[in-house]
Each structure stands twice: as C-alpha cells, then as structure tokens.
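Enquirer: return atomic coordinates for the entry below.
(one chain, ligands or ions: 1)
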Amino acid sequence: MLEVRALRKSFGGRPVLGGLDLDLPRGGCLALAGPSGCGKSTLLHLLAGLVPPDGGTMRMEGREVPSLRGRCALMAQDDRLLPWMDLLDNALLPVRMRGEDPRRREGEARELLDRFGLGEFLRYPPGSVSGGMRQRCALARTLLWGCPLVLLDEPLSALDAFTRRTLQEEVLRLQGEWGRTLLWVTHDLEEALRVGDRVWVLGPGMEVRERLVPPGPKPRPADGELAALRERAFRALEGSRG
Ligand SMILES: Nc1ncnc2c1ncn2[C@@H]1O[C@H](COP(=O)(O)OP(=O)(O)OP(=O)(O)O)[C@@H](O)[C@H]1O
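Expert: Predicted structure coming up:
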C-alpha cells in the first residue's frame with residue numbers, strides 16, 4: 001500500500017529524520033515505539049502532508065505522491081475538537097468537510113462513539129468532558145474519514161489503564177471489520193507489543209533499532225509471553241534518551 005524511501009527532515013539544521021525507509025502492506029498495524037522527541041510525530045506530519053520533507057519519496061498503491069494528504073486520516077496528539085460543537089457533531093466533522101449530509105452517517109457515528117464508551121455523552125461539548133473522553137471522540141472522528149490508511153499519534157495516551165486496554169481491543173476489532181491499515185505511534189512498549197503486527201523500536205533520528213514481530217493473535221496478553229520481547233525492546237532503547 002505505502003512505500004517510503006529515504007525520507008529526510010531537519011529543523012533549523014538539526015536532522016530529525018535521517019533517511020527513513022518504510023513499507024506498509026495493506027491491512028495490519030505497524031506500531032512505532034520510541035522515546036520522546038525522536039521524531040515520531042514529525043514522521044506522521046510528513047506523511048500526512050502537514051510538513052514538507054527535505055527529501056525522499058512516497059508511493060501509495062504504486063504511484064508516487066508528494067504526500068498522503070487526502071489519502072490518509074491522521075489523529076494528531078492534540079485532539080483539535082471544536083469547542084462550540086458537541087461530541088457527535090465533532091465526530092461527524094469529516095463527513096461535513098467532504099460535503100456529505102451528516103445525517104446519513106449519524107447512525108455510524110453514534111455507534112462508534114458508543115463503542116468508545118461515549119454513548120451517554122453525545123450532546124456534551126468537549127469542554128465539559130475529560131481529556132480521555134475528548135481523545136476517544138477524536139479517535140472516532142479520525143475513523144469516520146473513511147480512509148483506508150490511518151495514522152495514529154499516541155491515540156490512547158490520555159486514558160487510564162483499563163479504558164486504554166478496552167480501546168486497544170475496540171480499535172483492533174474495527175480495523176478487522178473495516179479493513180483499515182494502521183500506523184500506530186506510541187510511547188508505550190506494552191501497547192506497541194499488544195497492537196502491532198510489526199513493532200519498530202526507534203532511537204534518535206528515527207533510527208530503527210529493533211524490528212519485532214510479536215507472536216499470537218491480537219490484542220495480545222500484556223504479561224508473560226511478551227516479556228522477552230519487551231526486554232529486547234527496552235535494551236534497544238537504552239541510552240537513546242537525551
Ligand atoms: N515545527 C518544528 N520546528 C522546529 N523543531 C521541531 C518542529 N517540529 C518538531 N521539531 C523537533 O523535532 C524533534 C522531534 O519532534 P517530534 O514531535 O516529532 O518527536 P516525537 O517522537 O513525536 O516526540 P513525542 O513522543 O514527545 O511526541 C524534536 O526535537 C522537536 O523539537
């Protein structure tokens with residue numbers, strides 16, 4: 001589906017991406033885990049066309065493209081919900097922005113928000129719900145773009161451990177049902193190992209220090225079976241924090 005070659009980006013002469021290659025086959029989930037500041041968000045912004053690269057190429061379905069703008073949905077770290085709209089209308093924003101009648105997708109949006117535990121809060125404005133609830137609404141909005149490729153930047157970071165686990169399962173279920181391809185960025189190695197078909201452990205400059213293929217069906221149990229991979233991933237990260 002996506003081939004990225006030698007993607008480079010510097011800010012003020014300081015390299016953040018030093019020539020990254022990335023292949024995403026259709027379906028499945030590549031989880032990227034790395035320390036704060038290593039360039040994970042920058043990668044997603046480059047892919048989504050929010051920031052221009054200094055060099056490199058992107059091919060989507062075999063065709064070279066300047067970015068994936070319009071071809072992917074990005075959930076940024078900042079939820080960007082509109083304060084004057086309730087959660088349901090926020091979730092339906094992509095439908096409005098595409099010029100479609102939001103009433104035609106309202107059932108789908110309601111169902112999605114319900115699956116994300118927001119069924120009771122559809123008419124609440126973002127300012128009156130918790131950060132974790134806002135984040136879940138932003139996740140629903142991202143999925144309602146209907147794009148086959150979804151870029152998730154720390155999508156569950158504001159959630160407590162229990163809700164986080166539930167949402168990991170829900171997102172993976174949706175991915176299977178809707179046949180989406182996910183690029184899932186997280187600080188949390190446990191999360192990466194639970195949700196990724198492949199897991200890349202990144203260091204500074206987005207150097208790929210480990211490429212892991214966790215065993216078993218997803219979402220995987222957090223304990224026991226993954227302990228060896230978790231240790232390997234932690235060792236890869238050692239010394240990479242500035
Ligand atoms: N617009 C920008 N101008 C200047 N520097 C930037 C800009 N965007 C990102 N950077 C720098 O690029 C580096 C990588 O930032 P980025 O946000 O991509 O890291 P990250 O891995 O996503 O971090 P985190 O996990 O904390 O979100 C940081 O040093 C950051 O300060």
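Enquirer: ranges for the strands of the chain?
Expert: In the chain, the strands defined using DSSP state E lie at 2-11, 14-24, 29-33, 55-60, 63-65, 72-75, 149-153, 181-186, 198-202, 208-212.
Enquirer: now the ones you listed as JSON lines including mean pLDDT, mean neighbour count and distance to the ligand?
Expert: Using the backbone N, CA and C atoms, a C-beta is placed for each residue, glycine as well. Written out in JSON lines, the entries for the strands of the chain read as follows (pLDDT from 0 to 100; neighbours: other Cβ atoms under 10 Å; distance: least, Cβ to the nearest ligand atom, whole Å):
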{"stretch": "strand 2-11", "mean pLDDT": "95", "mean neighbour count": "17", "distance to the ligand": "3"}
{"stretch": "strand 14-24", "mean pLDDT": "93", "mean neighbour count": "17", "distance to the ligand": "4"}
{"stretch": "strand 29-33", "mean pLDDT": "95", "mean neighbour count": "24", "distance to the ligand": "9"}
{"stretch": "strand 55-60", "mean pLDDT": "95", "mean neighbour count": "16", "distance to the ligand": "16"}
{"stretch": "strand 63-65", "mean pLDDT": "93", "mean neighbour count": "11", "distance to the ligand": "21"}
{"stretch": "strand 72-75", "mean pLDDT": "94", "mean neighbour count": "22", "distance to the ligand": "13"}
{"stretch": "strand 149-153", "mean pLDDT": "95", "mean neighbour count": "23", "distance to the ligand": "7"}
{"stretch": "strand 181-186", "mean pLDDT": "95", "mean neighbour count": "23", "distance to the ligand": "7"}
{"stretch": "strand 198-202", "mean pLDDT": "94", "mean neighbour count": "23", "distance to the ligand": "8"}
{"stretch": "strand 208-212", "mean pLDDT": "92", "mean neighbour count": "16", "distance to the ligand": "13"}
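Enquirer: next one: the closest residue to Leu182 other than its chain neighbours from Pro215, what distance?
Expert: What sits nearest to Leu182 in space, not counting adjacent residues and going by Cβ to Cβ, 6 or more residues apart in numbering, is Cys29, at 4.0 Å. With distances taken as Cβ to Cβ, to the nearest Å, Cys29 is found 15 Å from Pro215.
Enquirer: next one: Ala192
Expert: In this structure, Ala192 lies at 14 Å from Pro215, with Cβ to Cβ as the measure.
Enquirer: which of the two has more neighbours?
Expert: More neighbours sit around Ala192 than around the other of Ala192 and Pro215, counting by other Cβ atoms under 10 Å; the figures are 27 against 9.
Enquirer: centroid residue for this structure?
Expert: A centroid search over the chain (Cα atoms, centre = their mean) returns Leu152, at 1.2 Å, as the residue closest to the centre.
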